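# coordinates for the following, if possible.
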Amino acid sequence: MRLTAVVLAVLLASAAQAADVSFVRVWPGWRDTGFFERISEYFGRPEDPAGRIILRSRPGNRPGCYFITRVRNAGPRSGGARFILRIIAPDNPEPRVYTFPTDLPAGEQVYEIGLTGTDWPSRAVHPIAWRLELVGPGGEALASSQSFLWSK
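Numbering: from 1, shown residues only. Okay, the predicted model is just below:
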C-alpha cells in the first residue's frame with residue numbers, strides 16, 4: 001500500500017511538471033553566421049547569445065537550419081532536460097534524430113536549436129517534416145510540437 005502511494009506521488013509530480021511547460025511557438029528557418037555576430041566579437045570576446053540559449057548540433061559551426069523555440073516554464077528551474085529533434089530531410093525519408101541537453105530555467109526563454117555544419121548542407125534545403133520534443137530528466141514528455149506533414 002505504501003509503495004502504491006509513493007508511485008502515485010511520483011506520477012502526479014511528473015504530470016504537474018509537464019503541465020507547467022509549454023512551447024509558445026516553434027519556427028524553423030535558416031540562420032547565417034552574420035545573424036549571430038555581435039560587435040563584441042571583434043574585440044576578442046566570445047559569442048554573445050543576446051538573451052537566447054543557442055544549442056547547435058555542431059557547436060563550431062554557426063550557419064544552419066534553426067528551430068527558434070519559445071518555451072514557457074511556469075514551474076521551477078529544472079536541470080537535466082533535453083530537446084529531441086526528429087527531422088526528415090529531402091535526401092532521406094528516414095527521420096534523423098538529434099538530442100540537445102539543456103537546463104530549463106523558470107519563466108520564458110528563447111532557444112535557437114540548430115542543425116549546423118554537415119548536419120544541414122545549405123540554405124536551399126528545407127525540412128520535409130519535423131517533430132520537436134522537450135523531455136525531463138526522467139524521460140517524461142514536457143512539451144512537443146510538430147510540422148503538419150509529420151502528422152501524416
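# who's in contact with Ala74?
Contacts for Ala74 were tallied using CB atoms under 8 Å, 6 or more residues apart in numbering; they are 20-21, 106. Every C-beta, even on glycine, is put in place using the N, C-alpha and C of the backbone.
# Tyr66 now?
The neighbourhood of Tyr66, defined by CB under 8 Å, 6+ apart, consists of 28-31, 112-115.
# switch the cut-off to 6 Å
Counting by CB atoms under 6 Å, 6 or more residues apart in numbering, Tyr66 touches 31, 112, 114.
# which of the residues you listed tops the neighbour count?
For those, the largest number of neighbours (other CB atoms under 10 Å) sits with Gly114, at 28 neighbours.
# surely it and Gly64 touch.
Yes. Counting by CB atoms under 6 Å, Gly114 does reach Gly64; the two are 4.5 Å apart.
# Ile53: which element?
The secondary structure element spanning Ile53 is strand 52-56 (assigned by DSSP states H and E).
# give me the contacts around that strand.
By CB under 6 Å, 6+ apart, the list of residues contacting strand 52-56 from outside reads 100, 110-114, 116.
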